[in-house]
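> sequence unknown, structure follows:
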């Protein structure tokens, strides 16, 4: 495939883009916007990465419309950037070679719920909160909960997870089938509503996590879960991070089907106390939740309490009262905002890595030592049941030395995770921010990814400049 | 990609194959066999498909050796067919264009067990029974259990599952990472030992289920499970198949984390009674198993018993005694042999489909009516918690009309499953036998699969003539 792309040439194909935008404006009228404020909103990153605006934003209303837009872009070799809620943390919605952003937020219907099959079909623009509100009366829920109220399309495209993944898996485990528009505008259906299949290549899993670089996801069939009969939860302080991590390892090994097990380091606990008006002991702390029958969730909580005691943790105070649990988990979900309160005026730069759980304590300790040595303010929270943790680095956006120090720290953190048989991102995705780590993480497998990208998107118009350097 | 392949030309490249076999014989000496009996063993199918022998069989001992073999074959455009235990049910190990069979059965080591991480690394030739024997002292087990004592490599390549999948998932859910030899002989590593990752395309899931058409799997990192503290199980007769299926639906919907829930129709129960010396009531019957704490498995069994009663089923007799359960599950695993006893001298042709669970009763009933109308002897068993069921059609291998009737029945069964939003194979894979159903099941997505196959294996040497017509 010797075709030089706009990106490889280091330049945007201004003529092609102009022609595409003209055709899209004629077809979609006010739903194709070239207003600077709309484009700024769609090319905005939540990170230290610079903002790179698309040339136009088209608000799509159907799979058929997405297909039309893609055909126009393909005919004019114009880059396409899909957009859900814009909450990506690694620059996924940036437009480094310009092009057309397809905003899918107005495709936010629940197409069908199949309660007997525990699955449903949704459009990509619906957010996880809206989906769960819709499902409430069915007795079912969708468990994946990234920090932001992201769209299901974005969550699928980045292989998102969250606090429940230790029990219910990630998007990879909870997407059964997809409708997607390919780079030539053709519409394909991957998978089926059957719970399992051995019928050919797993295109569903190939598109989950492909970040808009292979196709635009326009419909998603999701597995649902029954709302548990009973839920218990609580908090448990530990003398140090290592003993908290060791308690997590034993909990998982013991087969306790914990639904959530989250670590907050001392600094994060301080931040949450201040922001969410809690009075937690300022020590490394685990937040836990158990799902099951009434007897079962009590049994699970008691088993965990014993394990915690063995590692010097506790007291483990738990409750099955909904209001007490909600306050706790609201505080956990507000961790990002609580962090910002630690250093008013600072910008938070969030990064995530994931390691085998046996290396978790070691990785977290080395990272905390690194933070201390660098002098950064960087609280740490983690979905530790999966070996996944996040650092939110609070930087002065006007201090270049501090920004450089944050970048260098993030780089060390990622190499450390990869060296410990882990990955440079457990759930945020690659986008632009993590591209430089993939060669070391994947070696020659990156060439296989590149071959797939070239085969499916020979013009490199699908979210170019993300995941794989072409 | 204008390269004509041996298969497209409808002929084998005799010169290339001869050259490859000569080089392999020189390199691997007695580990490269051209003996007819060895080749017959490796090109044997367990189905009605004719046997198609490879030109040679090479017994590989390491990833490095597999790479060498692939390089020799690639240089001579010689087809490569990977082989584990030869228990495939859809002609996966046939060699329609001749070529070299790589036998991986001697690569059967457990490379490493990581008990803290609940995972292990194995070579592809180890069988599931051997792996679980190896793991016994660790308190861990690997749950996936297809009918045959298949190799983990073959199970990975066909995305196998079995009776435990309703609780523990399929191979897709239980493979974390792979080492694979690509069609040019390069060695790649996909995934990592971290429990989750968002770092690029999910090549692990692309290779799981690719049936040797994209790469040869030479090392597999598997998730393991803790052996449950307690297990209970039993059998429950129902007045008809429909009420049994409806009890399954409600059980799954109620969130009872059933570990196994298997349907045997009346004919299969008769066969098992005769073969395994049981005295089960000759009615449609569910075999069940529950994993958990001692209190938990009793609670689950009682909850199921109530559901069964609501549908006219029962009595549900369950036990937590290991010896009683073992006898029952041995009978379930011997279902294939029990079938053969129904019609001595007959050959069993086994097929599987999978539908959304809400369509299960309807699909099973229509299939049983079809069997009755056709006059075939075809007992039915199913992993019904997943909507997956199998028919074993007992045919006289010398009766061409009967064989034609069996083929026609299988075809109707597959169309029926696809029309009910299901799939033509839940766990057996495509091989040669199910290729003709993929166009209707996948539509244009089959073109995407073909593009991937061409990009990764441009010479079409990797198990040609399987999955996708090129």
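Here it is on my side, so go on. Every value quoted in this text rests on a predicted model; they were computed, and no experiment measured them.
> Break down the stretch 1-150 of chain A into its strands, ranges please.
A:32-33, A:56-59, A:80-83, A:100-103, A:110-114, A:119-122, A:140-141 (DSSP state E, counting those that start in this stretch).
> could you give me the average pLDDT of the fifth one?
For strand A:110-114, the mean per-residue pLDDT is 98.
> other SSEs contacting it?
Other helices and strands packing on strand A:110-114, by 3 or more CB pairs under 8 Å, 6 or more residues apart in numbering or on different chains; DSSP states H and E, are strand A:119-122, helix A:128-135. In short, each C-beta sits where N, CA and C put it, glycine included.
> Give me the packing partners of the first one, helices and strands only.
In terms of contact count using 3+ CB pairs under 8 Å, 6+ apart, strand A:119-122 is assigned the packing partners strand A:110-114, strand A:216-223.
> most packed of these?
Stretch with highest mean neighbour count among those: strand A:216-223 (a mean of 25; mean count of other CB atoms under 10 Å in any protein chain shown).
> For it, name the packing helices and strands.
Short answer (3+ CB pairs under 8 Å, 6+ apart): strand A:216-223 packs on helix A:63-75, strand A:80-83, strand A:119-122, helix A:152-157, helix A:171-174, strand A:175-181.
> out of those, deepest packed?
Note that of those, helix A:152-157 is the most buried (mean count of other CB under 10 Å), with a mean of 30.
> model confidence over the next helix or strand after that one, on average?
Remark: after helix A:152-157, the chain's next helix or strand is helix A:165-168, criterion DSSP states H and E. Average pLDDT, helix A:165-168: 96.
> is chain B contacted by helix A:165-168?
Yes: applying CB under 8 Å from any CB of the partner chain, one finds helix A:165-168 in contact with chain B at residue A:165.
> Not counting that helix itself, show me its contacts.
A:143-144, A:174, A:225, A:252, A:257-261, A:291, A:383, A:385-386, A:388, A:427, B:196 (CB atoms under 8 Å, 6 or more residues apart in numbering or on different chains).
> The residue lying closest to residue A:106 once chain neighbours are set aside: neighbour count?
The shortest distance from residue A:106 to any non-neighbouring residue, by CB to CB, 6 or more residues apart in numbering or on different chains, is to residue A:59 (5.4 Å). A total of 20 residues lie near residue A:59 under the criterion other CB atoms under 10 Å in any protein chain shown.
> quick one: buried residues of stretch A:359-373?
A:359-361, A:363-364, A:367-368, A:370-371 (16 or more other CB atoms under 10 Å in any protein chain shown).
> my guess is residue A:221 meets residue A:190, correct?
No: Residue A:221 lies out of contact with residue A:190 (CB atoms under 8 Å); the separation is 9.5 Å.
> Common neighbours of the two, please.
What both residue A:221 and residue A:190 touch, as defined by CB under 8 Å, 6+ apart, is the set A:177-178.
> show me where the stretch 151-300 of chain A has strands.
For the stretch 151-300 of chain A, the strands defined by DSSP E, counting those that start in this stretch cover A:175-181, A:187-191, A:216-223, A:225-226, A:230-237, A:258-264, A:285-292.
> what's in contact with the third one?
By CB under 8 Å, 6+ apart, the list of residues contacting strand A:216-223 from outside reads A:62-63, A:66, A:70, A:80, A:82, A:102, A:104, A:107, A:111, A:118-124, A:142, A:152-153, A:156-157, A:173-181, A:187, A:191, A:193, A:207, A:462.
> so when I look at residue A:350, I'm seeing a strand, right?
Yes: looking at residue A:350 with DSSP: H, G, I helix; E, B strand; the rest coil, it is inside a strand.
> Which residues are in contact with it?
Contacts of residue A:350 by CB under 8 Å, 6+ apart are A:46-47, A:89, A:336, A:390-393, A:428.
> Between those residues, which sits nearest chain B?
residue A:428 (6.2 Å; CB to the nearest CB).
> give the contact list for the closest one.
A:88-90, A:158, A:350-352, A:434, B:198.
> If we only consider these, which is nearest to residue B:300?
residue B:198 (34.4 Å; CB to CB).
> Need the per-residue pLDDT for the closest one.
98.
> same deal with residue A:5?
Reading off the confidence values, residue A:5 has pLDDT 42.
> returning to that earlier point: now tabulate the contacts of residue A:350 in a markdown table and tack on pLDDT.
A markdown table is the format used below for those (pLDDT from 0 to 100):
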| residue | pLDDT |
| --- | --- |
| A:46 | 73 |
| A:47 | 77 |
| A:89 | 92 |
| A:336 | 85 |
| A:390 | 95 |
| A:391 | 95 |
| A:392 | 93 |
| A:393 | 95 |
| A:428 | 96 |
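> Pull out the buried residues from those residues.
Buried members of those, counted by 16+ other CB under 10 Å: A:46-47, A:89, A:336, A:390-393, A:428.
> and the gap between residue A:246 and chain B?
Per CB to the nearest CB, to the nearest Å, residue A:246 is found 10 Å from chain B.
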